[in-house]
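J.: give me the fold of what follows.
(chains A and B)
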2 protein chains.
Amino acid sequence: MDAPDPFESASDETRGEMMRATYEALRTHGYSDLTIQRIGDEFPKSKSLIYQHYDGKDDLLVAFLEFLLERFKADVPSDDDFEDARDHLLTLVEQPLAESNDEHVDFVGAMTALRGQAPYDEAYWEQFADTDAFFREHVADIVRDGIEQGVFREVDPEQTAAFISATIDGAQSQHVTTGSEEAVDAVRRELTDYVERRLVVDGEDDS
Amino acid sequence: MDAPDPFESASDETRGEMMRATYEALRTHGYSDLTIQRIGDEFPKSKSLIYQHYDGKDDLLVAFLEFLLERFKADVPSDDDFEDARDHLLTLVEQPLAESNDEHVDFVGAMTALRGQAPYDEAYWEQFADTDAFFREHVADIVRDGIEQGVFREVDPEQTAAFISATIDGAQSQHVTTGSEEAVDAVRRELTDYVERRLVVDGEDDS
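T.: Okay, the predicted model is just below:
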């Protein structure tokens, strides 16, 4: 969800450089005007290495999405980093909607452009299906932990996770396609409020 | 949000036919493989009419989005069509997430592909900003009506509307880019539940 620097510690240096070149070219040109040549322009080594590994821009972009999901999975914080499931979930929910620096907006913009390919291209479709399913399952795990800890009410973890995931995704996509900071802030506040009221045991409510 | 047949009663027949041709070509080819020639193939009159009116595919697609927003504004149901604001809001929230026929999925897929252009193209950006702002304001109006009617609690109408709009958008976009019917159903159930619990006066809650 967040983009601190997904390429920082790639174990395979060349692969990491290709992925970074893809990202930089995508940020600059968007999807439609992107070419494998433009990705090559951002790559510090011989461009022929890219052609050896990938059949074309879509092949490279799908590999890029796969790389991001791997990194996201590897970087998922452990429960031990948080006080409890409430702290964990609130952090997870607020972070992607609180970021508004250019790097983050560019990253989410690139993801939105690539998601736009998915209805017409099975390789993108599968990649986004994996990513969405992983994120939903991650949120559902936190909700289950919270129920076990007695911190959250006995809600349906999968349904709650699908809702939170859709809301974050929609708010991020609206943000980077319309520029409304005000709207994304409002969603962040209401989503935090939803977690506190609907999930947290003894959470404030209006009735 | 919904796509019954946005071209049905276009007052300007030719414009309506151009917009329908755009839609059919977009459904079939997606954004990237779309050309103005392919749009022309779907157009029953002389292709030169298209070139007379539009500078290229993006110009035509932005006009298409403008046309859809006009139609959406014209088709917004009146309060009188509903029992009260609760009935109105629940219908508005459920409808776009309950549809799963091919026509609807194709339509939302096309919108997702076009939204993917917005981070890199100001004309798309402005069009989606107008559309999102209109939808949010429409939802906020219904929430305000509900508060006046004593049906809804004294929530923040803009914040509530931003939240509902992001959730619907995220769920629709995830649906058409990953194919998970299960996830979109879960979001629909949880969003309905949110409206009942958080907004409706004397709505069920868990505390």
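
J.: touching, residue A:20 and residue A:42? I think so.
T.: Yes - with contact defined as Cβ atoms under 8 Å, residue A:20 reaches residue A:42; the gap is 7.4 Å. Where C-beta positions appear, they are placed from N, C-alpha and C, glycine not excepted.

J.: between these two, point out the one with more neighbours.
T.: It is residue A:20, of residue A:20 and residue A:42, that has more neighbours when counted by other Cβ atoms under 10 Å in any protein chain shown, with 20 against 17.

J.: tell me which element the more buried one is part of?
T.: For residue A:20, the host element (DSSP states H and E) is helix A:13-29.

J.: and the next helix or strand past that helix?
T.: For helix A:13-29, the following helix or strand on the C-terminal side (DSSP H and E) is helix A:36-41.

J.: chain A: helices as residue ranges?
T.: For chain A, applying DSSP state H gives helices covering A:13-29, A:36-41, A:48-53, A:57-75, A:85-98, A:102-115, A:122-149, A:157-178, A:181-194.

J.: could you check how far residue A:62 is from residue A:19?
T.: According to Cβ to Cβ, to the nearest Å, residue A:62 and residue A:19 sit 12 Å apart.

J.: surely residue A:162 and residue B:181 touch.
T.: No - Residue A:162 is beyond contact range of residue B:181, at 11.3 Å (criterion: Cβ under 8 Å).

J.: and those two? which has more neighbours close in?
T.: Using other Cβ under 10 Å as the criterion, residue A:162 and residue B:181 rank with residue A:162 on top: 28 against 10.

J.: would you map out the domains in chain A?
T.: A:1-75, A:77-202 (automatic domain parsing).

J.: so what's the gap between the shortest one and the chain middle?
T.: Right, the one you point to is domain A:1-75. For domain A:1-75, the distance from its own C-alpha centre to the chain's C-alpha centre is 16 Å (Cα atoms, centre = their mean, to the nearest Å).

J.: same question for it, mean pLDDT?
T.: The average pLDDT within domain A:1-75 is 84.

J.: that one near chain B at all?
T.: Yes - shown here: domain A:1-75 in contact with chain B (Cβ under 8 Å from any Cβ of the partner chain) through A:29-33.

J.: now these: which count as buried?
T.: A:29-31 (16 or more other Cβ atoms under 10 Å in any protein chain shown).

J.: list the contacts for residue A:134?
T.: Residue A:134 makes contact with A:69, A:72-73, according to Cβ atoms under 8 Å, 6 or more residues apart in numbering or on different chains.

J.: among the residues you listed, which one lies nearest to chain B?
T.: Nearest to chain B among the contacts of residue A:134 is residue A:69, at 12.9 Å by Cβ to the nearest Cβ.

J.: contacting residues around the closest one?
T.: A:127, A:130-131, A:134.

J.: let's see if you can find the most crowded of those.
T.: Ranked by the number of neighbours (other Cβ under 10 Å), those place residue A:127 first, at 25 neighbours.

J.: so how far is chain B from it?
T.: As for residue A:127, its distance to chain B is 9 Å (criterion: Cβ to the nearest Cβ, to the nearest Å).

J.: go ahead and confirm that residue touches residue A:68.
T.: No - if you go by Cβ under 8 Å, residue A:127 and residue A:68 don't touch, sitting 9.1 Å apart.

J.: give me the nearest residue to residue A:40, chain neighbours excluded.
T.: Excluding the flanking residues, the one nearest residue A:40 by Cβ to Cβ, 6 or more residues apart in numbering or on different chains is residue A:47, at 3.7 Å.

J.: that neighbour: how many residues sit nearby?
T.: 14.

J.: need phi/psi at it.
T.: Per-residue torsions, residue A:47: phi -60, psi -30 (degrees, to the nearest 10).

J.: would you agree it is in contact with residue A:38?
T.: No - Residue A:47 lies out of contact with residue A:38 (Cβ under 8 Å); the separation is 10.7 Å.
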